[in-house]
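>>> Could you work out the structure for the sequence below:
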Amino acid sequence: MATPTKATTPKKRKAETPAKVSVSKPEVVQTSYTTSTPSPLSLKVSRKFVLIGLVAVGLAVLLYTYRSLFIAATVNGQPISRLVLVQELEKQGGKQTLSTLVTKTLIGQEAAKKNITVSQKKVDEEMKKIEASLAQQGQTLDQVLQMQGMTKQSLTDQIRTQKMVEGLVGKVSVSDKEIDAYIKANEASIPEGGTAGDVRKSVKTQLEQQKVNEKAQAMLQNLQKNAKINYFVSY
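Residues are numbered from 1 along each chain as shown. Sure, this is the predicted structure:
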């Protein structure tokens, strides 16, 4: 008799563990923003160029504003500089002009030494006398100044210098005998129509001025002799 076989129980299979899938984390790219600080050298250079630019602009503005100090005229856009003008003027009358300036300076220095001043009131009074004298001749001061190429300021300077000379020279006197002698010697040149008193007054003034000029000339020669004058230009 056959032995019954023992029923075999099928073995339970172990549950398969799912394979682990490794998910890599996304890499975070860090971007660094760095602010570059300019070096002290670059700052100095930039400031230097800015300063140069400002100076250039300032000079351009000054040259345009005060162009008359450098340019005397323009001809079709071509400038004539003041330097050229001065050089031409020096050629024409530089020697005489320089001599006049030296004389004027000597007079001013001597007047300062002796505390001789000329007030504006004295200058104005003399200016009025000149205007009145010209009016009698049918002329105006402006007309005469224009004809002589002068200005009121230059006339004012001349009057002030003349008054300084008169102060340095001092008073001069003219006697009646000198007046009579002058009238007798110059009868032909004395204008007619004036009274004897007016003629004598005019002659006296003329003789006084002549004496002042003579004494002034002697004084100036003495001042020039004792002064230290250096000339740096030659004509």
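
>>> how about the helices in the protein?
Per DSSP state H, the chain carries helices over the ranges 40-65, 82-113, 120-136, 141-147, 152-169, 176-185, 196-226.

>>> How is this structure partitioned into domains?
When the chain is parsed with automatic domain parsing, its domains come out as 45-115, 117-170, 171-186+197-219.

>>> most packed of the helices of the chain?
Sort these by mean neighbour count, taking mean count of other C-beta atoms under 10 Å, and helix 152-169 sits at the top with a mean of 17. Backbone N, C-alpha and C define where each C-beta goes, glycine included.

>>> confidence score at the residue lying closest to Thr117 once chain neighbours are set aside?
Computed as C-beta to C-beta, 6 or more residues apart in numbering, the closest residue to Thr117 that is not its neighbour in sequence is Ala111, at 7.4 Å. On pLDDT, Ala111 comes in at 95.

>>> ok, so what distance separates Ala111 from Lys121?
17 Å (C-beta to C-beta, to the nearest Å).

>>> What of Leu106?
For Leu106 relative to Lys121 (C-beta to C-beta), the value is 25 Å.

>>> Equivalent analysis for Ala218, please.
Ala218 is 29 Å from Lys121, by C-beta to C-beta.

>>> go on, Leu89?
Taken as C-beta to C-beta, the span from Leu89 to Lys121 is 34 Å.

>>> cool, Val174 as well?
Taken as C-beta to C-beta, the span from Val174 to Lys121 is 26 Å.

>>> do the same with Ala72
37 Å.

>>> again, but for Glu187
39 Å.

>>> Check Lys163 too.
As judged by C-beta to C-beta, Lys163 and Lys121 stand 11 Å apart.

>>> now swap in Gln92 and tell me
Distance check for Gln92 against Lys121: by C-beta to C-beta, it reads 37 Å.

>>> likewise Glu214?
Distance, Glu214 to Lys121, using C-beta to C-beta: 28 Å.

>>> repeat for Leu98
Counting by C-beta to C-beta - Leu98 and Lys121 are separated by 32 Å.

>>> repeat for Val199
Distance, Val199 to Lys121, using C-beta to C-beta: 30 Å.

>>> And for Gly94?
Gly94 is 35 Å from Lys121, where distance means C-beta to C-beta.

>>> Point out where this structure drops to low pLDDT.
Applying pLDDT under 70 to the chain flags residues 1-51, 53-69, 193-194.

>>> Which one of the domains of the chain lies nearest to Asn230?
Asn230 sits nearest to domain 45-115 of all those, at 10.6 Å, using C-beta to C-beta.

>>> mind listing what the closest residue to Glu126 other than its chain neighbours touches?
The shortest distance from Glu126 to any non-neighbouring residue, by C-beta to C-beta, 6+ apart, is to Ile159 (4.9 Å). Counting by C-beta atoms under 8 Å, 6 or more residues apart in numbering, Ile159 touches 123, 126-127.
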